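*Asks:* build me a model:
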Amino acid sequence: MTILIILFLIFLGILLLLLEFVVIPGITIAGIGGVLLLGASVYLAFDTYGVVAGIITLAVVLIAAPVVVFRFFQSRTGKKMLLNSEIDGHVDQIDSQTIHEGDEGITLGRLVPTGKVRINEQIMEAKSATGFVDPNVKIRVIEVLKTQVIVEPINQE
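*Replies:* Presented below is the predicted three-dimensional model:
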């Protein structure tokens, strides 16, 4: 009868660990409970059947728990739960050969403090050095960065 209790504790401990990894990730009661149940099964085996049975139970727990969790995430159901998305976006970089400090352009939208501008017939992201800039205001480039330009309005007095 004690062997069945030990096996049930191992099964329930692994089940709680799977629940921890799949349903409620983080360190929660399910994960702590799973580890405690696995530890209780090893303790019960040592206490009831001696050192040899305790070491065998410990080996089974140390091998079976990671293998079951690994196999679960390799299964079709487990793969559906994993995040497998890839980020394939890119950031448009500004060609420093076509945009220079001192070039002039116009805002296409409001810069609050960033927005779209047209400089040398190119539309790009710009950042205002002086705060908010309304649409259709002439601007001057004061600095060219890799992904945006720093601009200031012209005729700001």
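*Asks:* tell me the contacts of Val51?
*Replies:* By Cβ atoms under 8 Å, 6 or more residues apart in numbering, Val51 lies in contact with nothing. All C-beta atoms are positioned from the backbone trio N, CA, C, and that covers glycine.
*Asks:* backbone phi and psi for it, please?
*Replies:* Main-chain torsions, Val51, degrees, to the nearest 10: phi -70, psi -40.
*Asks:* and the one 5 residues further on, by the same measure?
*Replies:* Here the main-chain torsion angles of Ile56 (degrees, to the nearest 10) amount to phi -60, psi -40.
*Asks:* for Val149, same thing?
*Replies:* phi -120, psi 150.
*Asks:* residues in contact with it?
*Replies:* Ile94, Ile99, Val117, Ile119, Met124, Glu125, Ala126, Lys127, Val141, Glu143 are the contacts of Val149 under Cβ under 8 Å, 6+ apart.
*Asks:* rerun at 7 Å
*Replies:* Ile94, Ile99, Ile119, Met124, Ala126, Val141, Glu143 (Cβ atoms under 7 Å, 6 or more residues apart in numbering).
*Asks:* how close does the closest residue to Val23 other than its chain neighbours sit to Gly13?
*Replies:* Nearest residue to Val23 in three dimensions, chain neighbours excluded: Ala30, at 7.6 Å (Cβ to Cβ, 6 or more residues apart in numbering). To Gly13, Ala30 is 10 Å away according to Cβ to Cβ, to the nearest Å.
*Asks:* quick revisit: can I get the contacts of Val149 in JSON lines with neighbour count and pLDDT?
*Replies:* As requested, these are exported to JSON lines (neighbours: other Cβ atoms under 10 Å; pLDDT from 0 to 100):
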{"residue": "Ile94", "neighbour count": "18", "pLDDT": "78"}
{"residue": "Ile99", "neighbour count": "17", "pLDDT": "88"}
{"residue": "Ile119", "neighbour count": "22", "pLDDT": "91"}
{"residue": "Met124", "neighbour count": "19", "pLDDT": "88"}
{"residue": "Ala126", "neighbour count": "27", "pLDDT": "92"}
{"residue": "Val141", "neighbour count": "20", "pLDDT": "93"}
{"residue": "Glu143", "neighbour count": "12", "pLDDT": "90"}
